[in-house]
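**Student:** with the sequence up front, the predicted model follows.
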Amino acid sequence: MNDTKPSMLWPVAIRWRAPRTVVAVTIIALLAVLPMIASALESSYYVSFSTRILIYALASIGLNFILGFGGMVSLGHAMYVLLGAYAVAIPSSHGVTSGFIHVALAVGVCVPLAAGLGAVALRTSGIAFIMITLAFAQMLYFGAVSLKDYGGDDGLTIPARSTLGGLDLATNTTLYYVAFVTVLVALYLSWRAVLSPFGLVLRASRSNPRRATALGHPIFRYQLAAYVASAVVCAIAGVLLANLTLFASPAYGAWTLSGELIVIVILGGLGTVFGPVVGAIILLALEETLPTLVEATLPDYKSNWMLLLGLFIFFVALLLKRGVFGSLPASARSERAEP
Amino acid sequence: MSALITHSLVKRFGGVLATDRVSLTVEPGELHAIIGPNGAGKSTLIGQLAGEIASDSGSVRILGTDVTHMPTHKRAQLGLARTYQVTQLAKEFTALDNVLLAVNARAAHNFRFWSNAHHDTAAMQKAKAALATVGMSHLHHAEVGTLAHGEQRQLEIAMALATAPKLLLLDEPLAGMSQGESSGIIALLQSLKGRYPMLLVEHDMEAVFALADRVSVLVYGRIIATDTPDRIRENAEVRAAYLGEEV
Amino acid sequence: MTLQLALSQLLNGLQLGVLLFLLAAGLTLVFGIMSFVNLAHGSLYMLGAYFGAAAFAKTDSFLLAIIAAVVGAGLVGLLLDRFALTKLYARDHLDQVLATFGLILFFNELIRIIWGPASVFISAPKLLDGTIDIGGFTYPSYRLAIIAAGLAVALGLYLLIQKTRVGMLIRAGATHANMVAALGVNIKWLNTLVFALGAALAGLAGVMAGPIVSVQPGMGEPVLILTLVVIIIGGLGSIRGAFFAALLVGVVDTLGRAFMPTIMRSLLERSTADAAGPALASMLIYLFMAVVLAVKPQGLFPANVAAAR
């Protein structure tokens, strides 16, 4: 199949025979039919599990925008997931179940909050920026813990899933497809944004901020805008997560979750749009299978499987330069120069 | 109106007086070169002109506007373009993308998220034209990391030109270049002479005397002489300052 | 609010501050000299507490516990630097964040395997088991001893950094790492020294905190984050900054938690105050950090010049 030229729909030429395209399209296709496969296998568990993967992928797509393309290492993005989750839980506890209100609340609180926190954090860079984002996330975490009327440390159960017009999110498959479509939309939008003039400045602010500034770009504005956009994506992931688990807890804003999101982005491949999806699949699959593996081989240590996860993450950081998806060639073999 | 006027710029780093009451101008269409022995404070001076270093006292005016307290990007928007002594490029970008970044810096804003940056025909034209001016049309899609040192320096000049500048600040553009590469750049600068006011900091004396309309000599942060190239060559104080170095 | 309460909370704040300083001093040097983001610093604190508790369980001597903690944590730091982390020093901060994040998980689990998930016990030395009485004001002797010990270590560090050749190299490395290397100093050796020293200090903080906190897996991370706040407020690479910021953070956090609910109640109506009080108290130190950053992004006492990378 030959390359598709850029058009209204596609911002660049699609190289259908490139390994990256093949893998991405395959994964999307498989995800599209997964619920049908699951029902054929009479296992509804995989639908919930895959919804979880999609939600983590969504949050990671948001993070990837500023991390992979903007070079901003935020160790606190889970706080926006937390925000999204409570944007569902708190209204629900008062009987407000409209999904539209939940999303509006999540976005409506997220934008000014992210703008404020981002504006302060972006006054620094490098190590300081990393630490400040972590500290802000802790701040929100404690804020959630102190919500005694809304579960505090124990979290808040949500009586029912959000109502979204005609869609019945109570059905697992419907929730799955809502998450799936959201991920597709997020992928498409971030793809366009990365290739746009905005994306050019954002990527330049990662590659050589001094140069971008010297040319006349006020990079702070672009970084802040990207930061807020990525926060909103995480907040929406939080809304979905609360719907999936029917639970909201301060733990959703724990720095360990922020860490997991970073692992996913790097595992997939920094600087790729589709990487987070691959990373989410790999990490969550690993977190599912490691305990079983350890139980089978060293049953005494079955609750200590995270030791292996820790080592895995350590070696990913040390050895995996471009991520799993990022290591795939972006062009077809015939286009690459023969060695 | 002078393109650049500095008045009594002073900069101290701890106990060291890096810039000692420097006053100079760059007139429209002229190429004003700054020379000086190592450690004279040339980079510090450029830093203050570009806005990356804050002066302790004194003022800088670009095209009539007082920019002494203006951040770098605002000075660039006024028309200041600079090249760096140590090349500053977006290394992961292609040559074309670097120049496109420069072109887009002149747009009112870059908050366009939907269309592909490469589909902006007007901007792409300007970028390609700038690359053509420096003779790099064949290297559009080369990733900067793969370019030779000389080509990277040319790219910096292309980027400076792509911003439609009103004042060029060139910080040792010939640094680290081979003889062949140097003559290429000198020819390029020769072709730009008169079209843009330029402040050129250089070590390469051959280039300086071939290009400059006026030369200022910076020693220990102080300008000891400003004159035409020939008279600077004859200046006793200048010769003494260079003690053994070729003038 | 009595004077006893106010004074003892103030001293509690100083005690927390002193422990935070021990952690921050080492970490700020690692950040400043090696530009290395070490999230596993909290794990070294935890290891110190556990080594100390293990030694105490075997020998009933707090002194031996301290030695075990300091030497043990320092040794782990040395081994980590030599065998696991050297390759990471040249890498992106992102890779460092990820790698040390993995190490946190690893160490927490390792501790769980060796000592189990429940908290272990270490008690203050008998000598310091009571309270001190100064003209009617009583305060636990052990906590006072922590303050004294911490200040002593701070003094020792000051002398080391300001008056010895090694200290001069460390100071130079904090602001001009490239220069130090160019001068022919074995930068690898200096890095290892800084890292191990930081680890030893963290271990000391861990064992000293042992009797008054819960020694359990995961105890390092909350403290780590507070330490990061200290370093941000103080300024990366600045030990002086770490000292003042640590005391400031310790006092503000402690006093905030103790008195914010009361203050809220006098300002707002009861139910709002009861909700807002604890929330504001725990968030107070981060808000304080945000304010400092808004005004002085490089921290209150930045180590001069090009440290912030």
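**Tutor:** Ah, there it is. Just so you know, these numbers come straight off a predicted model, no measurement behind them.

**Student:** where in chain B is pLDDT low?
**Tutor:** Low-confidence segments of chain B, defined by pLDDT under 70, span residues B:243-247.

**Student:** and the strands in it?
**Tutor:** Using DSSP state E, the strands of chain B run over B:4-13, B:16-26, B:31-35, B:57-62, B:65-66, B:80-83, B:167-171, B:198-201, B:214-219, B:222-227.

**Student:** and the angle for the first one with strand B:16-26?
**Tutor:** Looking back up the chat, that one is strand B:4-13. Here the directions of strand B:4-13 and strand B:16-26 differ by 180 degrees (axes from the mean of the first three to the mean of the last three CA atoms, to 10 degrees).

**Student:** enumerate every residue touching residue 89.
**Tutor:** Picked chain A for this. A:150-151, A:156, A:158, A:242, A:247-248 (CB atoms under 8 Å, 6 or more residues apart in numbering or on different chains). Where C-beta positions appear, they are placed from N, C-alpha and C, glycine not excepted.

**Student:** my bad, the chain I had in mind was chain C
**Tutor:** Applying CB under 8 Å, 6+ apart, the residues contacting residue C:89 are C:34-36, C:191.

**Student:** same thing but 10 Å
**Tutor:** C:30, C:34-36, C:81, C:96, C:187-188, C:191, C:195 (CB atoms under 10 Å, 6 or more residues apart in numbering or on different chains).

**Student:** residue B:134 too?
**Tutor:** Applying CB under 10 Å, 6+ apart, the residues near residue B:134 are B:95, B:99, B:151, B:153-161, B:184-185, B:188, B:191-192.

**Student:** close to chain B, is the longest helix seen in chain A?
**Tutor:** Of all the elements of type helix in chain A, the one with the most residues (DSSP state H) is helix A:219-245. Yes. Interface with chain B: helix A:219-245 contributes A:219-222, A:225, A:229 (CB under 10 Å from any CB of the partner chain).

**Student:** of the residues you listed, which is the most crowded?
**Tutor:** Using other CB atoms under 10 Å in any protein chain shown as the neighbour criterion, residue A:222 leads the residues of helix A:219-245 next to chain B with 24 neighbours.

**Student:** need the contact list for that residue.
**Tutor:** So residue A:222 contacts A:70, A:197-205, A:212, B:109-111 (CB under 10 Å, 6+ apart).

**Student:** quick one: residue C:74 is in a strand?
**Tutor:** No. Under DSSP: H, G, I helix; E, B strand; the rest coil, residue C:74 falls outside any strand and is assigned helix.

**Student:** do I have it right that it meets residue C:206?
**Tutor:** No. In this structure, residue C:74 is not within contact of residue C:206 by CB atoms under 10 Å, at 11.8 Å.

**Student:** quick one on the thing from earlier: how far does the helix or strand following the longest helix of chain A sit from the chain's center?
**Tutor:** Per DSSP states H and E, the first helix or strand lying C-terminal to helix A:219-245 is strand A:247-248. Mean-position distance between strand A:247-248 and its chain equals 18 Å (CA atoms, centre = their mean, to the nearest Å).

**Student:** hmm, the next helix or strand after strand A:247-248 touching chain C?
**Tutor:** Sequence order places helix A:255-268 as the next helix or strand after strand A:247-248, per DSSP H and E. Yes. Residues of helix A:255-268 contacting chain C under CB under 10 Å from any CB: A:255-256, A:258-260, A:262-263, A:265-267.
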